[in-house]
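1. I'd like to go over a predicted model; first the sequence, then the structure.
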Amino acid sequence: MSHISHIEIDDRNLPPPTPEIEQERKVAMFDLLEDNSFDLPKRDDRAVPAGPYSVELAIRDKRLVFDVEGQNGEKAAEFHLSLSPFRQVVKDYWAICKSYFDAVKSLPPSQIETIDMARRGIHNEGARVLQERLEGKADVDNSTARRLFTLICVLHFGG
């Protein structure tokens with residue numbers, strides 16, 4: 001299986017991120033590039049440019065866009081996903097993240113851990129939705145889907 005060697009977020013039309021959102025973004029990008037699994041399936045008996053891949057994520061015309069280039073800079077794929085399946089889980093994710101960020105400032109570790117467990121559950125749900133939406137377009141493992149979901153949340157925050 002191949003992987004993503006470079007990722008960009010097209011955030012030109014988004015409001016400036018809060019420090020917490022910027023931190024989420026940096027951690028997700030770092031973790032994604034350290035370890036990920038991303039492959040493009042063969043389509044219509046056509047060869048797919050080999051990875052590793054460079055991926056740009058953007059929101060254009062109210063759709064999530066993956067723009068993927070192969071290792072030689074050639075266009076490997078571009079796919080557009082509806083944001084509708086992500087709306088509720090992204091909303092829930094940011095709500096629980098806000099609770100988590102607030103809790104870290106004042107609550108005891110046991111309460112922080114409970115909120116963090118809920119946050120991980122919502123994060124897993126977002127990763128599952130992403131894997132379903134990518135079916136037939138790109139193959140990603142759960143860890144990669146979780147990290148990409150975080151980046152989608154960052155884009156969706158302003159989208």
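-> Looks like it came in fine.
2. Gly136 belongs to a strand?
-> No. Gly136 sits outside any strand when classified using DSSP: H, G, I helix; E, B strand; the rest coil, being coil.
3. measure the residue nearest to it when sequence neighbours are not counted to Ala138 for me?
-> Nearest residue to Gly136, sequence neighbours excluded (Cβ to Cβ, 6 or more residues apart in numbering): Pro41, at 6.7 Å. (C-beta placed from N, C-alpha, C; glycine too.) As judged by Cβ to Cβ, to the nearest Å, Pro41 and Ala138 stand 8 Å apart.
4. Mind checking which of the two has more residues around it?
-> The residue with more neighbours, out of Pro41 and Ala138, is Ala138; 24 against 11, by other Cβ atoms under 10 Å.
5. quick one: the more buried one from Met117, how far?
-> 29 Å.
6. Could you do Thr18 as well?
-> Thr18 is 23 Å from Met117, by Cβ to Cβ.
7. before we move on, what about Met29?
-> Note on Met29: its distance to Met117, by Cβ to Cβ, is 24 Å.
8. buried stuff in the strand or helix carrying Leu130?
-> Using DSSP states H and E, Leu130 maps to helix 109-134. For helix 109-134, a neighbour-count test (16 or more other Cβ atoms under 10 Å) marks 112, 115-116, 119, 122-123, 126-127, 129-131, 133-134 as buried.
9. Looking at those, which is nearest Thr150?
-> Each of those was checked against Thr150 using Cβ to Cβ; the closest is His123, at 7.4 Å.
10. Grab the nearest non-local neighbour of Thr144.
-> Asn36 (4.2 Å).
11. who's in contact with Val48?
-> Contact analysis of Val48 by Cβ atoms under 8 Å, 6 or more residues apart in numbering lists Leu40, Pro41, Lys42, Gly70, Ala76, Ala77.
12. Most neighbours out of the residues you listed, which is it?
-> Ala76 (21 neighbours).
13. list residues touching both of Pro41 and Ala138?
-> By Cβ under 8 Å, 6+ apart, no residue touches both Pro41 and Ala138.
14. All good on my end, thank you.
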